[in-house]
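In: Provided below are the primary sequence and the corresponding predicted coordinates.
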Amino acid sequence: MKTRGERYFVKLARFGASLYDKFLDAEPIRSRLEEIASDLVSKTVKGPLLDIGTGPGRLLAEIHLRNPEIELFGLDISDAMIELARNNLQNIPVNLQVGSIRQTNYDSDFFSVITCSGSFYLWDYPEESLEEIYRILKAGRSAYLFEAYRDINKEEFQIALKNNLRQLNWIRRLFGPLAVRESVKKSYRIEEIISIIEKTSFADNYFIEKIKLSGIPMWVRISLKKMPL
């Protein structure tokens, strides 16, 4: 099977993880994580929350800032990323693990909320991974995936991206658009996302909504609910 990107992150060096962390620590990327954190906190008061593909842990930090009662868990396929997350979150109670969402050691019906932001399109086995999310999610609760999608309105996207670039220094203005366009290029079309979900246990209980993050219309919020038996 041709990998969508997981193998590259498994081998990610510490230098690469540090560069990625620095990339996240800038407007408007930081504000994107702030918006996602606020959205997630509005959906839960307490209980365990899992961030898949947590990277350097910046989303978990933003969630803790807004509600320290939420129990934080982070999962990432990269040793380098988890090492960096442990450093970034050393003053925050958090459970961090290296591993793939395709198969985890979490208990069934454990998490009150599960999320990921910008990693779903990289999963080599998306259907199996969604089934694992279904297993470890509590009945009656939801997972929320914030993902770029390919079939965007290109004109609207270009205008919003240009406005965002004004907030960045010259280095990020040079490389930022390349990273954003590459994410869109590799992401799924909405119809492809639907096709994946409908092969899983979430088939009858999902909702996909186009949203803007940091003012850029390239995102969808995928809500996946596990209904009680």
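Out: Good, I have the coordinates. Numbers count the residues shown, from 1 in each chain.

In: could you point out where the chain is predicted with low confidence?
Out: For the chain, applying pLDDT under 70 flags the ranges 1-2, 23-28, 161, 163-181.

In: Just the helices from this structure, written as ranges.
Out: 6-10, 14-24, 29-41, 58-66, 79-88, 126-136, 154-165, 170-186, 190-197 (DSSP state H).

In: nearest residue to the spatially most central residue of the chain other than its sequence neighbours?
Out: Taking Cα atoms, centre = their mean, the centroid of the chain lies closest to residue 117, which sits 1.6 Å from it. Nearest non-adjacent residue to residue 117, counting by Cβ to Cβ, 6 or more residues apart in numbering: residue 146, 4.3 Å away. C-beta here means a position set from N, CA and C on the backbone, and glycine is covered the same way.

In: tell me the contacts of the one you found?
Out: By Cβ atoms under 8 Å, 6 or more residues apart in numbering, residue 146 lies in contact with 36, 115-118, 211, 213, 219-222.

In: Relative to residue 184, how far out is it?
Out: Taking Cβ to Cβ, to the nearest Å as the measure, residue 146 falls 14 Å from residue 184.

In: Quickly list what the closest residue in space to residue 116 that isn't next to it in sequence is bridged to.
Out: In this structure, residue 116 finds its nearest non-sequential neighbour in residue 52, 3.9 Å apart by Cβ to Cβ, 6+ apart. Beta-bridge pairing for residue 52 (DSSP bridges): residue 75, residue 116.

In: okay, now residue 52: neighbour count?
Out: 25 (other Cβ atoms under 10 Å).

In: And for residue 212?
Out: When neighbours are counted by other Cβ under 10 Å, residue 212 comes out with 13.

In: Does it touch residue 220 like I think?
Out: No - between residue 212 and residue 220 there is no contact under Cβ atoms under 8 Å: 10.6 Å.

In: any idea how far residue 70 is from residue 35?
Out: 17 Å.

In: Might you report the residue contacts of residue 64?
Out: So residue 64 contacts 70, 72, 92, 94 (Cβ under 8 Å, 6+ apart).

In: how does it look with 7 Å?
Out: Each residue near residue 64 by Cβ atoms under 7 Å, 6 or more residues apart in numbering is listed here: 72, 92.

In: hmm, which two among the contacts of residue 146 are most spread apart?
Out: For those, the farthest-apart pair by Cβ to Cβ is 116 and 211; their separation is 14.9 Å.

In: Those two: who's more crowded?
Out: Neighbour tally, residue 116 and residue 211, criterion other Cβ under 10 Å: the higher count belongs to residue 116, 25 against 14.

In: can you pull the contacts of the more buried one?
Out: Counting by Cβ under 7 Å, 6+ apart, residue 116 touches 51-53, 145.

In: Now do it against residue 55, distance only.
Out: Per Cβ to Cβ, residue 116 is found 10 Å from residue 55.
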